[in-house]
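**Q** output the structure for:
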Amino acid sequence: MPVAASIHWQPIHGGAAGAASPFIFITQAALAAVRDHCAASGAACSGLLTGGLFRSSDTGELYVLVGSTIRLPASPGETAKSALVQGWVVAQDVLRMTGERLVGWYRGEENEENNGGGEAGGSEESDPDEVSLSLAETQAHAALFPQLWQLALKAGARRGGVFSPAAGGLWARRSLPFYEVVDPSAVGVDGNTVSSLQWDNYRADQSVATSGSTVRETVPPPAVGVAAPAPRVTPRKSPLVLLPDQFGDGIGADRRKPSHFFGARRAAQVAAYAAVGLLALAGLFRLYSALASPTSSPTRASAVEAVVASPEARLDRAADTLALAIAAFDLRARLFASRQMECPELARGLVLVEERWTTYNAVRKDASTALDSARTARDRNLYADADAVERRFERSRCPRP
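**A** Below is the predicted model:
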């Protein structure tokens, strides 16, 4: 765990210091990529965070390391749902090719959902100075990122926040502490460290200088329960930001792989990003519907906790993820029909539907409650759609996985 090679950042107000497990590490390259993307695109910026989940050999603690980003195409007025679903399906195949892992997503902090428009996630009692996820962003996270350790990052010009369901109730309003993994080039000959972070609502555990040469003095942070610092670990060279026209090595990538591997990987990535346009044109409506449960409405932020806690909300979440898997298979089938995808990719879509179907039925059984009319209709539709997926795969004549 590279604690000694990192700057520890903690939220000044309204945070969840000490509440998160595993620990969160973000490389300076990834932070800079998010900052530059949002500076260029404004509130419309959105993308995915890649890296890995690791366990410390010294303490046994789990920690997440964010090393790269994938920029997603954006358009003015785009909501959190549409921004994330456009790239999620294609990203699965991109990451499978690169060997990286999807650990979360990021989005511009000042968007229509946090400024009185769109799907508000706050309430009249919300502090306007606090950074939080909107209800739409929270629902999109629940549908697309089911692991508790997966992250959401909101980035603004002078403030931001890192969020994870691991923080517990009302997690979407509780910014988490994290570690900024320092690149060796960011340490001057005088020992001063230059940070990639410019958020005024976070404080560091040491004096740092931002990229604008402004020195931020040390502020003693509250204890976060970290054991004795691990031995200093020299961070690996940070990977490049993954763009549709520029792809770099992922964390732990083998730089000795032959050139034909990189050619194949680049071809797959370029083809995948080309498919994003097809997703936007051919399948977004169904993907939007996949994220809209019968109980989804722009209510106050206290509904976020209910989304996580109640049996009905757990069932809605399972239904959302199943519907998303079905919609994803539909898009894969379209790509397969147009010869832009092959049998192995289509088979992975089938496996995902079957896994989500099994999960949905287990949650449905555990809920042990009578369904209202909306959920009953949804249940019938999901059954019909899942059955259609099986029949459509059989017609493809691809071997079953």
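
**Q** rest of the way, CA atoms for contacts and neighbours
**A** Fine.

**Q** and Ala347, what element?
**A** helix 343-367 (DSSP states H and E).

**Q** that helix packs against which elements?
**A** helix 311-337, helix 373-396 (3 or more CA pairs under 8 Å, 6 or more residues apart in numbering; DSSP states H and E).

**Q** make it 6 Å
**A** Counting contacts by 3 or more CA pairs under 6 Å, 6 or more residues apart in numbering; DSSP states H and E, helix 343-367 is packed against helix 311-337.

**Q** what mean pLDDT does the helix it packs on get?
**A** On average, the pLDDT along helix 311-337 is 83.

**Q** and for stretch 394-401?
**A** 92.

**Q** what number of residues lie near Asp372?
**A** Using other CA atoms under 10 Å, Asp372 is surrounded by 10 other residues.

**Q** and Thr376, by the same measure?
**A** Neighbours of Thr376 (other CA under 10 Å): 12.

**Q** got a pLDDT number for Ser196?
**A** Reading off the model, Ser196 has pLDDT 84.

**Q** from Ile7, how far off is it?
**A** 10 Å (CA to CA, to the nearest Å).

**Q** with Leu95 instead?
**A** Counting by CA to CA - Leu95 and Ile7 are separated by 28 Å.

**Q** which one's more surrounded, the two?
**A** Remark: of Leu95 and Ile7, Ile7 carries more neighbours, 24 against 17, as counted by other CA under 10 Å.

**Q** then that one would be within a strand, right?
**A** Yes: counting by DSSP: H, G, I helix; E, B strand; the rest coil, Ile7 is part of a strand.

**Q** now do the contacts for it.
**A** Tyr179, Glu180 (CA atoms under 6 Å, 6 or more residues apart in numbering).

**Q** in this structure Ser164 contacts Leu151, no?
**A** Yes: the pair Ser164 / Leu151 is scored as a contact, 4.9 Å apart, by CA atoms under 6 Å.

**Q** can you pull out the helices in the stretch 1-150 of the chain?
**A** For the stretch 1-150 of the chain, the helices defined by DSSP state H, counting those that start in this stretch occupy 28-41, 80-98, 135-144.

**Q** contacts for the first one, please.
**A** Taking contacts as CA under 6 Å, 6+ apart, the residues outside helix 28-41 that touch it are Cys45, Gly67, Ser68, Val181, Ser196, Ser238.

**Q** widest-spaced pair of these?
**A** The most widely separated members of the contacts of helix 28-41, counting by CA to CA, are Cys45 and Val181 (23.0 Å).

**Q** so Gly161, which of the three states?
**A** Gly161 - assigned by three-state DSSP - is strand.

**Q** now it, which residues is it bridged with?
**A** Under DSSP bridges, the beta-bridge partners of Gly161 are Lys154.

**Q** all numbers from here: first residue = 6
**A** I'll keep to 6 as the first residue from here, and by that count the last item is Gly166.

**Q** what is the burial count for it?
**A** 28.

**Q** my guess is it contacts Ala157. True?
**A** No: with contact defined as CA under 6 Å, Gly166 does not count as touching Ala157 (8.2 Å).

**Q** now the stretch 6-155 of the chain, which segments are flagged as low pLDDT?
**A** 19-26, 47-48, 79-88, 91, 94-95, 98, 115-134 (pLDDT under 70).

**Q** and with 80 instead?
**A** Low-confidence segments of the stretch 6-155 of the chain (pLDDT under 80): 18-27, 46-49, 78-104, 114-135, 144, 147-149, 151.

**Q** so which bits of stretch 163-175 are buried?
**A** Arg164, Gly165, Gly166, Val167, Phe168, Ser169, Pro170, Ala171, Ala172, Gly173, Gly174, Leu175 (16 or more other CA atoms under 10 Å).

**Q** and it, how far apart are its ends?
**A** 24 Å.

**Q** closest to Gly65 among the contacts of helix 33-46?
**A** Once CA to CA is applied, the member of those that ends up nearest Gly65 is Val186, at 19.4 Å.

**Q** which residues sit in contact with the closest one?
**A** So Val186 contacts Ser11, Ile31, Thr32, Gln33 (CA under 6 Å, 6+ apart).

**Q** and the gap between it and Tyr365?
**A** Distance, Val186 to Tyr365, using CA to CA: 38 Å.

**Q** repeat that for Gln152.
**A** 16 Å.

**Q** mind checking which of those two has more residues around it?
**A** Higher neighbour count among Gln152 and Tyr365: Tyr365, with 23 against 14, using other CA under 10 Å.

**Q** hang on, the earlier thing: could I get the buried residues of stretch 163-175 as JSON lines with distance to Leu54 and pLDDT?
**A** JSON lines is the format used below for the buried residues of stretch 163-175 (distance: CA to CA, whole Å; pLDDT from 0 to 100):
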{"residue": "Arg164", "distance to Leu54": "19", "pLDDT": "90"}
{"residue": "Gly165", "distance to Leu54": "15", "pLDDT": "92"}
{"residue": "Gly166", "distance to Leu54": "14", "pLDDT": "93"}
{"residue": "Val167", "distance to Leu54": "12", "pLDDT": "94"}
{"residue": "Phe168", "distance to Leu54": "13", "pLDDT": "94"}
{"residue": "Ser169", "distance to Leu54": "13", "pLDDT": "92"}
{"residue": "Pro170", "distance to Leu54": "16", "pLDDT": "89"}
{"residue": "Ala171", "distance to Leu54": "17", "pLDDT": "85"}
{"residue": "Ala172", "distance to Leu54": "19", "pLDDT": "84"}
{"residue": "Gly173", "distance to Leu54": "21", "pLDDT": "81"}
{"residue": "Gly174", "distance to Leu54": "23", "pLDDT": "78"}
{"residue": "Leu175", "distance to Leu54": "22", "pLDDT": "84"}
